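*Asks:* Here is a sequence with its predicted model. Questions after.
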Amino acid sequence: MTADSDSHIAWQRAQLKKLRAALRAIEADQLGKANCGRATQMTIDELQRKIGESGRCIAEYERRTRRPLATDLGSLASVSWTHWNANMPMAKAPRHRA
């Protein structure tokens, strides 16, 4: 995974990793039991909701900033380039007089 220039998205990715680990730990703990209690189920539901929110936030950011990976003409022609942000503006080359 590459480093994010947006600190909010970096935080969301870290939260997503932490929440998934917590959910796995709770589910592993409940694996041998017949049913989990109401509080445990509410905790699982809350973790799943937070995971969904972080995932949607990251997906929306990637849709806004990622450029297409395919380089064939059909793929590039079908992409809306109005929302793509290169993160760093290209510097104009100096013009030399001959």
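*Replies:* Received it, and whenever you're ready, just let me know what you need. Numbers count the residues shown, from 1 in each chain.

*Asks:* my guess is Q15 contacts K50, does it?
*Replies:* Yes - under the contact definition of C-beta atoms under 8 Å, Q15 touches K50, with a separation of 7.4 Å. (Each C-beta comes from the backbone N, C-alpha and C, glycine too.)

*Asks:* what's the single longest helix in this structure?
*Replies:* Scanning the chain for the longest helix, with DSSP state H as the assignment, gives helix 38-65.

*Asks:* Please identify the buried residues of that one?
*Replies:* For helix 38-65, the buried set under the neighbour-count rule, 16 or more other C-beta atoms under 10 Å, comprises I44, L47, K50, I51, S54, C57, I58, Y61, T65.

*Asks:* And stretch 14-33, by the same measure?
*Replies:* Neighbour-count burial for stretch 14-33 flags Q15, L16, L19, L23, I26 (criterion: 16+ other C-beta under 10 Å).

*Asks:* then it to PDB, C-alphas only?
*Replies:* Only the C-alpha atoms of stretch 14-33 are listed here, as PDB (Å, rounded to 0.1, in the frame of the first residue of the first chain):
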ATOM      1  CA  ALA A  14      -5.600   2.600   9.800                       C
ATOM      2  CA  GLN A  15      -9.000   2.600  11.500                       C
ATOM      3  CA  LEU A  16     -10.200   0.000   8.900                       C
ATOM      4  CA  LYS A  17      -7.200  -2.300   9.700                       C
ATOM      5  CA  LYS A  18      -7.800  -1.900  13.500                       C
ATOM      6  CA  LEU A  19     -11.600  -2.500  13.300                       C
ATOM      7  CA  ARG A  20     -11.200  -5.600  11.100                       C
ATOM      8  CA  ALA A  21      -8.700  -7.000  13.600                       C
ATOM      9  CA  ALA A  22     -11.100  -6.300  16.500                       C
ATOM     10  CA  LEU A  23     -14.000  -7.900  14.600                       C
ATOM     11  CA  ARG A  24     -11.800 -11.000  13.900                       C
ATOM     12  CA  ALA A  25     -10.900 -11.300  17.500                       C
ATOM     13  CA  ILE A  26     -14.500 -11.100  18.700                       C
ATOM     14  CA  GLU A  27     -15.700 -13.600  16.100                       C
ATOM     15  CA  ALA A  28     -12.800 -16.000  17.000                       C
ATOM     16  CA  ASP A  29     -13.800 -15.700  20.600                       C
ATOM     17  CA  GLN A  30     -17.400 -16.500  19.800                       C
ATOM     18  CA  LEU A  31     -16.500 -19.400  17.500                       C
ATOM     19  CA  GLY A  32     -16.900 -22.200  20.100                       C
ATOM     20  CA  LYS A  33     -20.000 -20.800  21.800                       C
END
